[in-house]
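Q: Got a predicted structure here, sequence first:
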Amino acid sequence: MLLEKMSKKIQILINNKNYFAQEGQTILDIAIKNNLFIPTLCKHPDLKIHGKCRVCLVEVEGLGVVTSCSTPVENGMKIKLDTPDVARARKINLEMIFAEHIEKCEFCVQSDSCALKDSSKKYAAPLARFNDRKKNYPVWHFGALGERAIKKKKKEIDEKIEKKDVELRKKQVKQHGTGFIQFDASKCIDCGICTEICREKQTVDFYETHGKGYLTQTKPTDDFKRDCTYCGQCVVHCPAGAIQGVSHWKNVEELLENKQDKVLVAQIAPSIRVSIGEEFGMDYGQVVTEQLAAAIHELGFDYAFDVTCGADFTTYEEARELIHWLESGKNRPMLTSCCPGWVKFVEFYYPDFAPHLTTTRSPHIISGILAKTYFADLIDKKAKDIIVVSIMPCTAKKQEISLYRHKLDSDLCIERLGFEDYEIATKCFIKHNENKDELRLPAVDYVLTAREFAYLLKRNKIDFAKIKPRAMDSPLGEYSGAGVIYGASGGVMESALRTADAFLRVKKKFGSLEPVLLGKNFVSDKKRLSNIATGRIDFKEVRGEQGIKEATVKLGGIKLKMAVVNGLGNARALLDNLAARRVKYDYVEAMACPGGCIGGGGQPVPVSSQIRIKRSVALYGIDKDLKIRTAHDNVALLKVYRDYFQGDEAVIESLLHCRYNKIDRGGYKEV
Amino acid sequence: MKTHPLIKKIEQAGLIGRGCGTFPTAKKWQAVLNEKEKEKYVICNASESEPGIFKDEFILNNYPEKVIDGINLAIKTLGARKGFIYLKPSYYDKFRQKLEVLIGDDKIELFSKKLGDYIGGEESAMINLMEGKREEPRLKPPFVTSIGFLNKPTLVNNCETFYDIALIDRGKYEHERFFCISGDKTLPAVFRFDEKITVKEAIRKSGLYPDFPFFIQLGGKMSGTCLRRDQTDDLSIKYYAGLFIHSYEKDEKQLIRSWLKFFAEESCGQCVPCREGAYRLYNLYESGGYDKELFTDILFTMENTSLCSFGKMATVAISSYFKNIKQEKILDWKERLTCY
């Protein structure tokens, strides 16, 4: 406001029409404000101006052809948008950009929202007048080797094993999956957005630019001190679709075609319901939960579950842990751990803080585990017969499901889940000296990003507008408002505070958290106890788009200092401050992506601050309208605690908790 | 507004930047002086990456004390924290010892770029390199006079400019400039001429006037403008640091190819028209029967839409060659006689 008052108001002419502007604004700013279309490629509202693509050209009297993104307005400036010179230069620049990008549109999940395709059509610039100069550029998969494989590889070199053995080991290394982020250099248009978002916003700095001239190439770094966190911010910001999460949609499609006797479960993340509609031309922030449930069934899945239910479990456990943490005098702060990008960031860059992460697993892992244990028992199936597919706003979740710690314990499998093949498998393991990972069942088998899922629906000609909505399936499709707001920055903390508030009252009344462990439903209980469950609901101080939010909250008579961060750059600042003891917090929520999951790396493109705000407003809207708004009121959850866990802390510990450690750098490979 | 007697003197002398930027030096100094930021820097640009130009080498060899004098004057006048001399690697090896002795306790540091590449001579690319970043020109505005080295106001002047300033300060400036002449059959030499003489006079005075059919490239061997003999008659040397004498017997294809290859390889790779355009021009020309309309379209795009002046410079030699030497009139080869 102050700045605006200070800067002078000036007048400019665009296409012979008068427009008002502030000093310091660019021509493009004014054009956008007044709905005048100027094409752009390398400009993103989240980043500062690059001026690399030279597509947003306009003609200014006296200056000639200039880029509108980088030219500040001056009083009396005469601007023309579509002159012959502008059209001529813009067409050549577009064509030369297209010549860098090898079209692989057939299997590109972003082919429907492709900025390159659109401008090719709009400006009649042929996609292929020049020969494709990047034909032989590689495709990289980040994280493809896995931390263990890298260690192994290092050892191999040390020990100088015979050639034969190395090849054998290489085969084993290959089985470590295909990585999590895919960067196709033959589609890259060298705009530098990925490098900048990774370096400036996320402070991960995984991309490097090598060479000059036409040999300029963006590559993953070889520095062992830097590693990709798979947050996917480069993915949602890339204008050319060159970076994607390693696709799982092909596997899912195969699975749907060849189902056999498996039970297929799809579960949707909280934030998907307000964003995926965009892929079908709906407004930003349109809620499509029921359409999603219907679409999942239409595709051929047997059950449509909601990760929001898993989020309630996370809240329930995290609130319990928070109270233990505060009472045990453990080193504070307690850090949330639902965001795998953030977890990887802490484990790799700040391993000293790894013990501060809450041991509660992330929501979709919990609901995956419950689908394979509790739900499997319900429908009388074995864990291995249930295939869980998560539909996520996230690319890092692809890495999370591959982690050893998030796989079902094999001992537990024999005992509780009837994993009969265990013994045979053990023998195989000894024989082939394979990694023990293979023996464990993953909690979730595949992760589809919102884009991948929308692409899958489009391939099957399923349209949200025409589908008949239906409710999510029971029991793991029942959720509270607290779970829904997990999708926005601050949501995890708010949910945990709502429940911790109630737990503290339980503790005061009963002296321990025993009733909580047993899943006691206080709402439906006798009247005099029902007020235990109802407490403070709204914690508006932790909501909002800001990168770092601080709040002091009074909980059960204790004053707690909270911080909520989103974006890894902000997270780094916070951890640096904590490490240097400049600040002190009791509880910190962190998300790797700006705005939390609603700005996640698996969300539909484009994203911008305004779009993220619309999505988060929609999430808080759902929460507000729901009858059940706290995790400890979720009946489905309480039923699991009462009937399935039966207060057995060992079972809860093994199913819902895990540990975090320092990790080494993951790899990347050319495929 | 603050002023300084030295800046007034420079203004009266009418000194323009000797690095071919042709920007009035006094204005640049005034701009840095006006900045409120206390931390300021001065950089002497002796990167001299244009082939066929070697006057900085001559100056550093013969008058290094004047250059350092000039830099010290700038540091004093602007209240700068530090001065740098930014040198081409070969110059660094050659002049390091001599310069270090002369600098002594002054607040001047030598900086050698790692590679002898072309774009490092652009002031903002140079500053990026000095900060340890990638060698890419920055978007302007902001200009380096307000946000330069370490985001502080920075004065960047050519080596010769500092030399001239030392002279101005002592009242010995005589409106002369250094001028390099070299060519296919001409040995390279540096001369000191009155800046008002014409190019033709300069060649005559140098005693290097060729006895074979020739055309010249004014401003350097790569980015200079190609001119016929008759076009040099009333062109002042004021804005140019030298010229290259081409023999008409030369293989035309090889000449054009050398220009195109140079710019395709030396582009920093940041913006599309320069990175892709230079490569496509080279590629088209190499492929033989190229589409001339497309060729001019790319030249037009590079000239008008490149991020820095490098992309514009990359088109000068080739379009002036077609226009002036081959005198092709079929297509709109640009009207251009100025050097960037």
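A: Arrived safely, thanks for sending.
Q: Grab the nearest non-local neighbour of residue A:446.
A: Leaving out its chain neighbours, the residue that sits closest to residue A:446 by CB to CB, 6 or more residues apart in numbering or on different chains is residue A:248, at 4.2 Å. C-beta here means a position set from N, CA and C on the backbone, and glycine is covered the same way.
Q: Now do the one you found against residue B:65, distance only.
A: 69 Å (CB to CB, to the nearest Å).
Q: These two: which is more packed in?
A: residue A:248 (22 against 13; other CB atoms under 10 Å in any protein chain shown).
Q: OK, contacts around that one?
A: Residue A:248 sits next to A:389, A:398, A:446, A:447, A:448, A:452 when contact means CB atoms under 8 Å, 6 or more residues apart in numbering or on different chains.
Q: for residue B:168, same thing?
A: Here residue B:168 is in contact with B:6, B:9, B:10, B:13, B:15 (CB under 8 Å, 6+ apart).
Q: Hmm, residue B:169 and the second one touching each other?
A: The reference is to residue B:9. Yes: Residue B:9 lies in contact with residue B:169 (CB atoms under 8 Å); the separation is 7.1 Å.
Q: where does the residue most central in space within chain A land on pLDDT?
A: Note on chain A: the residue nearest the mean C-alpha position is residue A:394, at 2.5 Å, using CA atoms, centre = their mean. In this model, residue A:394 is scored at 94, pLDDT.
Q: now it: how far from residue A:198?
A: 16 Å.
Q: cool, residue B:84 as well?
A: 30 Å.
Q: One more: residue B:154?
A: Counting by CB to CB - residue B:154 and residue A:198 are separated by 28 Å.
Q: The two: which is more packed in?
A: Between residue B:154 and residue A:198, counted using other CB under 10 Å, residue B:154 has the larger neighbour count: 28 against 25.
Q: With adjacent residues omitted, what lies nearest to that one?
A: Closest to residue B:154 by CB to CB, 6+ apart is residue B:148, at 2.7 Å.
Q: residue contacts, the one you found?
A: Contacts of residue B:148 by CB under 8 Å, 6+ apart are B:41, B:43, B:123, B:124, B:127, B:154, B:156.
Q: ditto for residue A:632
A: Contacts of residue A:632 by CB under 8 Å, 6+ apart are A:316, A:319, A:499, A:502, A:503, A:516, A:522, A:533, A:638.
Q: Could you verify that it is part of a helix?
A: Yes: counting by DSSP: H, G, I helix; E, B strand; the rest coil, one finds residue A:632 located in a helix.
Q: can you give me the strands in the stretch 51-200 of chain B?
A: B:82-87, B:108-112, B:154-158, B:176-183, B:189-194 (DSSP state E, counting those that start in this stretch).
Q: buried stuff in stretch A:595-615?
A: The neighbour-count check on stretch A:595-615 (16 or more other CB atoms under 10 Å in any protein chain shown) flags A:595-605, A:607, A:611-615 as buried.
Q: now do stretch A:259-279
A: A:263-279.
Q: what about it, distance to the chain center?
A: Offset of stretch A:259-279 from its chain centre (CA atoms, centre = their mean, to the nearest Å): 15 Å.
Q: quick one: average confidence on it?
A: pLDDT averaged over stretch A:259-279 gives 93.
Q: now do stretch A:547-559
A: Here the average pLDDT along stretch A:547-559 is 90.
Q: May I see the buried residues of that stretch?
A: A:547, A:548, A:549, A:550, A:551, A:553, A:555, A:556.
Q: helices and strands around the lengthiest helix in chain A, which ones?
A: Looking across chain A with DSSP state H, the single longest helix is helix A:307-328. Here helix A:307-328 touches strand A:263-268, strand A:334-335, helix A:363-372, helix A:481-484, helix A:491-510, helix A:514-517, helix A:635-639, helix A:649-656, going by 3 or more CB pairs under 8 Å, 6 or more residues apart in numbering or on different chains; DSSP states H and E.
Q: at 6 Å instead, please
A: The helices and strands touching helix A:307-328, judged by 3 or more CB pairs under 6 Å, 6 or more residues apart in numbering or on different chains; DSSP states H and E, are helix A:363-372, helix A:481-484, helix A:491-510.
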